[in-house]
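Trainee: Just need the structure, nothing else, for what follows:
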Amino acid sequence: MSSIHLKGVSRHYGAFAAVDDVSLDVEPGEFVTILGPSGSGKTTVLTMIAGLNQLTGGSIHIGGRDVTALPAAQRNIGLVFQSYALFPHMTVFDNVAFPLSVRGIGATETRRRVEEALARVRLDTFGRRKPSQLSGGQQQRVALARAIVFQPDILLLDEPLGALDRKLREEVQVELRRLQRSLGITTILVTHDQEEALSLSDRIVVLDHGKVQQIAAPQNAYLRPSNRFVADFLGAANVFEGRVGSDERSIVMDGGTVIPCGAAARRPGTPVTAILRPERLILAADEAIGIVPAMITESVYLGQFVRYHVETPAGPMIAVAPGGNNGFAPGARVSATWQPDDVWIVADGAAPPA
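Mentor: The predicted structure is shown next:
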């Protein structure tokens, strides 16, 4: 297992900064996801770690070794792309064996390693097939086997599940996490898929315009975002804008509605923006018992849960409830309540240091 250390990594194209002063420490055996929208710089970071893209500033260390100036072939990195990049004329066995053949590994050792790698991805009986005879999920697992067969120091994954349909993607996610844990290999995944990042990662790095916005465990990034961008990017949120109340445990909105919150850590009267995730908003049939009265304006059935759009004195809000719930019909008058600590005040300015 190897660590990865990025210090002040940058990539400029003329005046344009694709990646701007990114620093990150990945512990041995850790699974870290770099998450961000298109153009955020996440793939550029990955290709710089892989040695496929030159830095214009900063340094990269893998396992304590400075690899900043080393070519890709000397970094001992396993890399998996979204396109799989399998050789269509080769069998599964030969595809997985290819990295060993270019390293001059003997036939006996190659067979042992390939069979072991295919067993790890549960394709040990597929060695004689061609890629065209495999499903998309199976092809992706062959690509993973090829990336780990030569025992790389780290594993880099560039949107590896993006070409799969939702159900298959979820299945391969489970396989990928199982494989990473069994190998204990330090892994960095790049994706724009929030659910993928939340479900797979030990930590998430959120990028926007080449800058780190937050580095945190998935639950903390989702429930305690560092700023408004992270809050919006990681999922739906009910947003409150107002001023800290005199008790420092409430937000007073412009219309006078009081929103209970955790300790604001800001002086009374300070303008703030806060969020409440829809899963933390509870609707009840008795409109007198909650924090604010509400009226259901829309009910959307989504199988596992129902999403409710409600109108409140604090403005439009969203709540979700289990799909088996009998639920509320549009027009129903209900109450909305939440735990004050679930209301999180976000920073309006630049993200704090990781």
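Trainee: ok, residue 209 - how many residues close by?
Mentor: Neighbours of residue 209 under the rule other C-beta atoms under 10 Å: 15. For every residue, glycine as well, the C-beta is placed using N, CA and C.
Trainee: And it, how close does it get to residue 312?
Mentor: Distance of residue 209 to residue 312, computed by C-beta to C-beta, to the nearest Å: 34 Å.
Trainee: can you check residue 226 too?
Mentor: 27 Å.
Trainee: So which of those two has more stuff around it?
Mentor: Neighbours of residue 226 and residue 312, each counted by other C-beta under 10 Å, are more numerous for residue 226; the result is 22 against 19.
Trainee: I figured that one was touching residue 346, is that so?
Mentor: Yes. Counting by C-beta atoms under 8 Å, a contact exists between residue 226 and residue 346, whose distance comes to 7.2 Å.
Trainee: which stretches of the protein form helices?
Mentor: 42-50, 92-102, 107-120, 136-148, 166-183, 194-200, 218-223, 228-233 (DSSP state H).
Trainee: Same list (those) but as JSON lines, adding mean neighbour count.
Mentor: JSON lines is the format used below for those (neighbours: other C-beta atoms under 10 Å):
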{"stretch": "helix 42-50", "mean neighbour count": "23"}
{"stretch": "helix 92-102", "mean neighbour count": "20"}
{"stretch": "helix 107-120", "mean neighbour count": "16"}
{"stretch": "helix 136-148", "mean neighbour count": "23"}
{"stretch": "helix 166-183", "mean neighbour count": "16"}
{"stretch": "helix 194-200", "mean neighbour count": "19"}
{"stretch": "helix 218-223", "mean neighbour count": "18"}
{"stretch": "helix 228-233", "mean neighbour count": "20"}
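Trainee: These: lowest mean pLDDT?
Mentor: Lowest mean pLDDT of the helices of the chain: helix 166-183, a mean of 85.
Trainee: Quick one: list the elements packing against that one.
Mentor: Here helix 166-183 touches helix 107-120, helix 136-148, helix 194-200, going by 3 or more C-beta pairs under 8 Å, 6 or more residues apart in numbering; DSSP states H and E.
Trainee: ok now the first one, how far from the chain's centre?
Mentor: To tie it back to what came earlier, the one meant is helix 107-120. On the basis of C-alpha atoms, centre = their mean, to the nearest Å, helix 107-120 is displaced by 32 Å from the centre of the chain it belongs to.
Trainee: That one vs helix 136-148, what angle?
Mentor: 140 degrees (axes from the mean of the first three to the mean of the last three C-alpha atoms, to 10 degrees).
Trainee: Please save the CA atoms from helix 107-120 in PDB.
Mentor: Taking Å, rounded to 0.1, in the frame of the first residue of the first chain, the C-alpha atoms of helix 107-120 are listed here in PDB:
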ATOM      1  CA  ALA A 107       4.800 -17.600 -18.800                       C
ATOM      2  CA  THR A 108       4.400 -19.500 -15.600                       C
ATOM      3  CA  GLU A 109       4.200 -16.500 -13.400                       C
ATOM      4  CA  THR A 110       2.000 -14.700 -15.900                       C
ATOM      5  CA  ARG A 111      -0.500 -17.500 -15.800                       C
ATOM      6  CA  ARG A 112      -0.600 -17.500 -12.000                       C
ATOM      7  CA  ARG A 113      -1.100 -13.800 -11.800                       C
ATOM      8  CA  VAL A 114      -3.700 -13.600 -14.500                       C
ATOM      9  CA  GLU A 115      -5.700 -16.500 -13.000                       C
ATOM     10  CA  GLU A 116      -5.500 -14.800  -9.600                       C
ATOM     11  CA  ALA A 117      -6.600 -11.400 -11.000                       C
ATOM     12  CA  LEU A 118      -9.600 -12.900 -12.800                       C
ATOM     13  CA  ALA A 119     -10.600 -14.800  -9.700                       C
ATOM     14  CA  ARG A 120     -10.600 -11.500  -7.700                       C
END
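Trainee: ok, and what's touching it?
Mentor: Residues from elsewhere that reach helix 107-120 (C-beta atoms under 8 Å, 6 or more residues apart in numbering): 92-93, 96-97, 100-101, 105, 124, 126-127, 145-146, 148-151, 179, 182-183.
Trainee: Same check on the second one?
Mentor: Residues external to helix 136-148 that are found in contact with it (C-beta under 8 Å, 6+ apart): 78-81, 84-86, 92, 95-96, 98-99, 114, 117-118, 120-123, 126, 131, 134, 155, 160-161, 163-165, 168, 171-172, 175-176, 179, 183, 185.
Trainee: try 7 Å
Mentor: Residues outside helix 136-148 that contact it (C-beta atoms under 7 Å, 6 or more residues apart in numbering): 78-80, 84-86, 92, 95-96, 98-99, 117-118, 120-121, 123, 126, 131, 134, 155, 160-161, 163-164, 168, 171-172, 175, 179, 183, 185.
Trainee: Just give the closest residue to residue 175, not the sequence neighbours.
Mentor: residue 141 (6.6 Å; C-beta to C-beta, 6 or more residues apart in numbering).
Trainee: Distance of the one you found relative to residue 78?
Mentor: Distance from residue 141 to residue 78, by C-beta to C-beta: 14 Å.
Trainee: okay if I get the helices and strands packed on helix 166-183 as CSV plus distance to residue 248?
Mentor: Formatted as CSV, these follow (distance: least, C-beta to C-beta, whole Å):
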stretch, distance to residue 248
helix 107-120, 53
helix 136-148, 51
helix 194-200, 31
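Trainee: sorry, back to before: residue 337: which of the helices of the chain is closest?
Mentor: In terms of C-beta to C-beta, the element of the helices of the chain nearest to residue 337 is helix 218-223, at 17.5 Å.
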